[in-house]
Structures are given as C-alpha cells and as structure tokens.
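# sequence and predicted model, in that order:
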Amino acid sequence: MSFNSRQYEWGDLTLVLGGRDITGFRGIKYTEKGEKEALFAKGRHAHSIQTGNITVEGEITILQSELIALEKAGKGSILGLNVDGIVAYGNPSLGDTMTTDRIVGISFTEAAKEMKQGDKNMEVTIPFIALAVINQA
C-alpha cells in the first residue's frame, strides 16, 4: 500500500481538440452511459442484466477566446464541428506516467454565452455528445 502516491492535479491536465492544444480550458467532464435492464423470467428475481446502447456525453468549460477560436474553425458556429478530443493526465517531466483518454467524434449540442456584472472574464460551458471514449489510448 502506498501512502504518499502522487495523484494527478489540475496543472497536470492537457486538452487537445481537433489537433489544437486548448490552453484556455477551465474544466472537462465526460461520461459513458450504458443502458442496462434486469431480465425477468420465471420467479421473482432477475435472471440476468441485459446491456443495450452505450452513449457518451460531457461538457467542456473554456474561456471566451477559446470559444472564438472554435467558432472560427466552425465557420461561425461550434454546432457544426465534429472533432476528436485528447485528454492527457500527467507530467512526464515530474516522472509521471501519462494517461491519455481519446474522446471520438465530439459534437457540441449548445452554444450559450453569458456574462454578469462584475465578471472579469467570460467562462463558457459547452455540452457535447460523442461517439466513444477510448480510455488509456
């Protein structure tokens, strides 16, 4: 058992979207969901768990400058973009082993912008769906 094992920190995270290192990103969340259902037959208890479709959804939080760059790449809108994302955890210069997840076929589902009085910058959260996540790619 290791009591002082190093865990990944925010500063160890890199996000690449469509081949571009996103330096102005503030958060990322991605989830794989599998449809599951208990299969009932004779008796009161399920006989098995059946699995159906697997979906991927998530959200990326970025600064306005990164949103503008994505809008330019999408010829005015991010809604038509279809990009792959690479999320890399670790810092090899500190001796970390790199862990890399590949999010395949990201397609953004919303393009909302918001600022409030007193804000020093615009932070935008853009939800997405994707085709698949390849963990430790």
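Nice, thanks for sending it over.
# mind checking the SS state of the residue sitting nearest the centre point of the chain?
In the chain, the centroid-proximal residue (C-alpha atoms, centre = their mean) is residue 30; its distance is 3.8 Å. Local secondary structure at residue 30 is given as strand here, using DSSP: H, G, I helix; E, B strand; the rest coil.
# give the contact list for it.
Contact criterion C-beta atoms under 8 Å, 6 or more residues apart in numbering gives 56, 57, 58, 87, 101, 103, 130, 133 as the residues in contact with residue 30. The way it works is simple: take the backbone N, C-alpha and C, and place the C-beta from them, glycine included.
# so which of the residues you listed comes closest to residue 23?
Proximity to residue 23 was ranked across the contacts of residue 30 by C-beta to C-beta; first place goes to residue 87, at 14.2 Å.
# in the chain, where's the longest strand?
Across the chain, the longest stretch assigned as strand under DSSP state E is strand 46-63.
# now the helix or strand just after that strand: average pLDDT?
Note on strand 46-63: by DSSP states H and E, the next helix or strand toward the C-terminus is helix 64-73. Per-region confidence: helix 64-73 scores 93 on mean pLDDT.
# so how far is the helix or strand following helix 64-73 off the chain centroid?
Note on helix 64-73: by DSSP H and E, the next helix or strand toward the C-terminus is strand 83-89. Strand 83-89 sits 8 Å away from the centroid of its parent chain (C-alpha atoms, centre = their mean, to the nearest Å).
# many thanks, we can stop here.
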